[in-house]
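S.K.: sequence and predicted model, in that order:
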Amino acid sequence: MTKTKVLISGASVAGPALAYFLHRDGYDVTVVERAPELRDSGYAVDFRGRAFDVLEEMGILAEIREHDTKMRGTVLVDERGVETGRLPAEVFAGELEVPKRELTRILHRITADGVAYVFDDSISALTRHESGVTVEFERSAAREFDLVFGADGVYSKVRQLTFGPHADMLRHLGLSGAGFSTANYLGLDRNGLLQHATGTAIYLFSLDAAERLTVSLSFGTASPALDRCGRDEQEKAVRAAFAGHGWQAPRLLEAMSEADDFYFSSTCQVHMDRWSCGRIALVGDSGYCAAPTSGMGTSQALIGAWTLARNLASAGGDHTTAFAAYEAELRPYVAENQVKGRQAAVMFGGGAGSAGS
Ligand SMILES: Cc1cc2nc3c(=O)[nH]c(=O)nc-3n(C[C@H](O)[C@H](O)[C@H](O)COP(=O)(O)OP(=O)(O)OC[C@H]3O[C@@H](n4cnc5c(N)ncnc54)[C@H](O)[C@@H]3O)c2cc1C
């Protein structure tokens with residue numbers, strides 16, 4: 001019997017997790033990832049609730065635990081750096097927190113033998129027809145697949161090609177920010193410092209590498225338009241937002257220009273009426289991002305992949321039935337996480353959150 005051929009776009013969390021379950025269930029799986037290699041992001045991700053069952057079912061829970069950041073909590077400080085309170089570790093680190101690069105590396109390792117990974121490429125066109133989907137790529141030759149999954153994040157190419165422009169589905173939470181690392185000149189040791197004033201927040205922490213300080217400078221914005229700008233313009237906006245700030249701001253702004261791991265992103269959620277269209281479905285942030293402020297994105301990506309694969313298995317591969325069941329089962333959980341994402345955005349300088357781009 002020929003295997004059902006599936007293509008997954010995105011090799012971060014949802015993509016490799018879905019690849020794991022579908023390969024296990026007998027599918028012929030290809031994953032295409034735009035980055036030239038696995039991404040090495042400086043931040044940590046946490047796991048909550050049923051995500052532990054997913055990690056257990058993949059047989060990697062014990063290995064994941066070995067990378068526990070053992071964060072000890074966050075000290076809240078005022079504009080002069082004077083302590084005003086403390087947040088326990090669980091607020092940002094959940095029940096277990098690991099550097100994201102370790103999770104991605106492990107997920108890739110457990111799937112690399114049976115799943116074909118194609119790096120440095122992207123889907124460029126999708127043509128749906130009765131018996132499958134013709135996929136064109138930026139670099140590789142066009143191919144036929146039975147099913148296509150978008151696990152390619154907030155700015156999902158699969159979503160854009162299948163459902164329409166980003167602006168129709170992104171809800172900006174009034175917040176954008178720069179992230180980078182610098183020398184750990186404050187001597188933080190598995191703990192964080194958070195200073196939030198009206199419209200801005202500085203969050204500093206040291207993870208597993210004691211000599212590095214991870215920096216997040218966030219501020220209120222009216223739209224995520226800066227995401228599409230170059231680094232110069234993004235840095236300029238950060239400087240403008242923190243102009244006149246005391247405490248660590250002047251030193252951090254200086255370090256920002258020298259950082260070789262600078263990134264900029266706006267805090268957005270993805271809201272869609274449906275997560276599938278024919279033989280194409282979305283999983284993780286691409287379909288229902290709850291925003292990094294929710295602390296639920298990684299758990300949601302894992303649980304989403306697992307729920308999708310489980311419903312495909314119980315529907316005997318009937319994708320129409322499976323996609324409907326996946327969506328019905330997961331929506332209440334996603335809705336809860338999105339509420340958390342909106343509420344927590346305020347702590348990092350965001351506003352109430354509004355639709356649009
Ligand atoms: C700064 C920051 C801090 C965060 N902190 C936390 C936290 O503390 N706890 C938590 O649970 N979550 C956190 N998150 C969120 C978490 O990282 C995401 O929710 C989670 O990674 C979602 O996984 P995903 O696989 O759906 O999407 P992503 O991790 O966004 O992965 C998408 C993948 O698709 C690839 N891709 C994009 N476009 C294409 C294309 N055209 N073709 C092929 N591949 C493509 C990308 O390169 C990437 O590898 C944070 C996110 C950020 C940005």
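M.R.: Done, it's in. Numbering: from 1, shown residues only.
S.K.: from now on I want contacts and neighbour counts done on CA atoms only, so please keep to that.
M.R.: Fine.
S.K.: any idea which element Leu126 lies in?
M.R.: strand 123-129 (DSSP states H and E).
S.K.: and what about the residue of the stretch 51-200 of the chain found nearest the ligand, helix, strand or coil?
M.R.: Using Cα to the nearest ligand atom, the single residue of the stretch 51-200 of the chain nearest to the ligand is Asp152, 3.2 Å away. Here Asp152 is recorded as coil under DSSP: H, G, I helix; E, B strand; the rest coil.
S.K.: show me what contacts the spatially closest residue to it that is not a sequence neighbour?
M.R.: Once flanking residues are discounted, Asp152 sits nearest to Gly10: 4.3 Å by Cα to Cα, 6 or more residues apart in numbering. Contact analysis of Gly10 by Cα atoms under 8 Å, 6 or more residues apart in numbering lists 16, 31-34, 150-153.
S.K.: ChimeraX command for the buried members of the residues you listed?
M.R.: Command for ChimeraX that selects the buried part of these, burial taken from 16 or more other Cα atoms under 10 Å:
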select :16,31,32,33,34,150,151,152,153
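S.K.: can I get the contacts of Gly10 in CSV including pLDDT?
M.R.: Converted to CSV, the contacts of Gly10 look like this (pLDDT from 0 to 100):
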residue, pLDDT
Pro16, 98
Val31, 98
Val32, 98
Glu33, 98
Arg34, 97
Gly150, 98
Ala151, 98
Asp152, 98
Gly153, 97
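S.K.: turn the contacts of Gly10 into a markdown table, including distance to Tyr333.
M.R.: Shown next, in a markdown table, are these (distance: Cα to Cα, whole Å):
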| residue | distance to Tyr333 |
| --- | --- |
| Pro16 | 21 |
| Val31 | 26 |
| Val32 | 28 |
| Glu33 | 27 |
| Arg34 | 29 |
| Gly150 | 19 |
| Ala151 | 18 |
| Asp152 | 20 |
| Gly153 | 18 |
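S.K.: if we can go back for a sec, relative to Ala93, how far out is the residue of the stretch 51-200 of the chain closest to the ligand?
M.R.: Asp152 sits at a distance of 24 Å from Ala93 (criterion: Cα to Cα, to the nearest Å).
S.K.: sorry, back to before: pLDDT of the strand holding Leu126, averaged?
M.R.: Per-region confidence: strand 123-129 scores 97 on mean pLDDT.
S.K.: what's around Lys5, how many residues?
M.R.: 16 (other Cα atoms under 10 Å).
S.K.: I figured it was touching Asp28, is that so?
M.R.: Yes - shown here, Lys5 and Asp28 form a contact pair, counting by Cα atoms under 8 Å, at 4.8 Å.
S.K.: the stretch 201-350 of the chain against the ligand: which residues are in contact?
M.R.: 284-286, 292, 295-299, 301 (Cα under 6 Å from any ligand atom).
S.K.: pull out the buried positions in the helix or strand encompassing Glu327.
M.R.: Here Glu327 sits within helix 319-345, counting by DSSP H and E. For helix 319-345, the neighbour count (16+ other Cα under 10 Å) marks 319, 322-323, 325-327, 330, 334, 337-338, 340-345 as buried.
S.K.: so which elements touch it?
M.R.: Contact analysis of helix 319-345 by 3 or more Cα pairs under 8 Å, 6 or more residues apart in numbering; DSSP states H and E lists strand 170-183, helix 297-314 as its packing neighbours.
S.K.: okay, these in JSON lines with mean pLDDT, mean neighbour count and distance to Glu138 next?
M.R.: Shown next, in JSON lines, are the helices and strands packed on helix 319-345 (pLDDT from 0 to 100; neighbours: other Cα atoms under 10 Å; distance: least, Cα to Cα, whole Å):
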{"stretch": "strand 170-183", "mean pLDDT": "95", "mean neighbour count": "24", "distance to Glu138": "25"}
{"stretch": "helix 297-314", "mean pLDDT": "98", "mean neighbour count": "24", "distance to Glu138": "26"}
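S.K.: which of these sits closest to Tyr117?
M.R.: Taking Cα to Cα, helix 297-314 is the member of the helices and strands packed on helix 319-345 nearest to Tyr117, at 17.4 Å.
S.K.: any idea of the angle the closest one forms with helix 319-345?
M.R.: Calculated by axes from the mean of the first three to the mean of the last three Cα atoms, to 10 degrees, helix 297-314 forms an angle of 170 degrees with helix 319-345.
S.K.: looking at this, Phe52 is in a strand?
M.R.: No - using three-state DSSP, the secondary structure at Phe52 is helix, not a strand.
S.K.: and the nearest residue to it once chain neighbours are set aside, how far is that from Ala305?
M.R.: Leaving aside its chain neighbours, Phe52 sits nearest to Leu61 (7.0 Å; criterion: Cα to Cα, 6+ apart). From Leu61 over to Ala305 the distance is 16 Å, taken as Cα to Cα.
S.K.: which stretches in the stretch 151-300 of the chain count as helices?
M.R.: Shown for the stretch 151-300 of the chain, the helices assigned by DSSP state H, counting those that start in this stretch span residues 157-163, 231-242, 249-258, 285-288, 297-314.
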